[in-house]
Each structure stands twice: as structure tokens, then as C-alpha cells.
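# Okay, sequence plus prediction incoming.
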Amino acid sequence: MNQHFNQLLHTTGDLIRRIRRYDRESINREEIALMDDTYRLIARTAWVKDSDLLRERAIMKLQQMKTRLITMMEDLLYTA
């Protein structure tokens with residue numbers, strides 16, 4: 001479970017960095033900033049790693065963010 005969490009955390013952070021690079025016209029700037037804040041909060045919070053319930057909730061949130069980021073990336077690349 002911890003390995004899955006760490007991999008999801010890394011993947012989500014990578015997607016956020018890539019979206020920032022591709023969103024040249026700042027179409028999704030505010031949404032990206034909110035996701036980045038949430039990502040940073042989850043990444044630096046130690047209690048997520050200590051509690052199974054909180055880790056499950058963090059995983060669910062990261063999966064939602066990852067899905068949205070992939071959709072945003074598809075939209076940006078399709079219109080490019």
C-alpha cells in the first residue's frame with residue numbers, strides 16, 4: 001500500500017509539472033494551482049503515512065487529481 005501511495009504521489013507531481021509546461025495560455029492556471037497546493041500538502045504531511053484511513057483518502061484524492069490532469073493534458077495536446 002505504501003509503495004502504491006508513493007508511486008501515485010510521484011506520478012501526480014510529474015503530471016502537475018508537465019501540465020504547467022503545456023498550459024502556455026494559462027487556461028487552467030487556477031485549477032492547476034489548487035491541485036498543486038493539495039499535492040504539496042499531501043506530500044509533506046507525515047500523518048498520511050502513519051494512518052491507513054488517511055492514506056486511503058489521500059490515495060483517492062490523488063487518483064482523482066491524476067484523472068483530471070490526464071484529461072487536461074489530452075485537451076491541451078489535442079488543441080495544440
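Cool, got the structure.
# low-confidence ranges in the chain?
1, 79-80 (pLDDT under 70).
# let's go with 80 and repeat that
Within the chain, the stretches with pLDDT under 80 are 1, 46-49, 79-80.
# hey, where'd the helices end up in it?
2-22, 29-44, 47-50, 52-79 (DSSP state H).
# what residue lies at the spatial centre of the chain?
residue 12 (3.7 Å; CA atoms, centre = their mean).
# ok, now which ones touch that residue?
Residue 12 sits next to 39, 62, 65-66, 69 when contact means CB atoms under 8 Å, 6 or more residues apart in numbering. Where you see a C-beta, it was placed from the backbone N, CA and C, and this is true even at glycine.
# 10 Å - rerun?
By CB atoms under 10 Å, 6 or more residues apart in numbering, the contact list for residue 12 reads 35-36, 38-39, 42-43, 61-66, 69.
# Can I get the buried part of the residues you listed as one PyMOL selection?
Listed next is the PyMOL selection for buried residues among the contacts of residue 12, using 16 or more other CB atoms under 10 Å:
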select buried, resi 35+36+38+39+42+61+62+65+66+69
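# Throw the contacts of residue 12 into CSV and include distance to residue 28, thanks.
Listed next are those as CSV, based on distance: CB to CB, whole Å:
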residue, distance to residue 28
35, 9
36, 11
38, 15
39, 15
42, 20
43, 20
61, 18
62, 18
63, 19
64, 15
65, 12
66, 15
69, 9
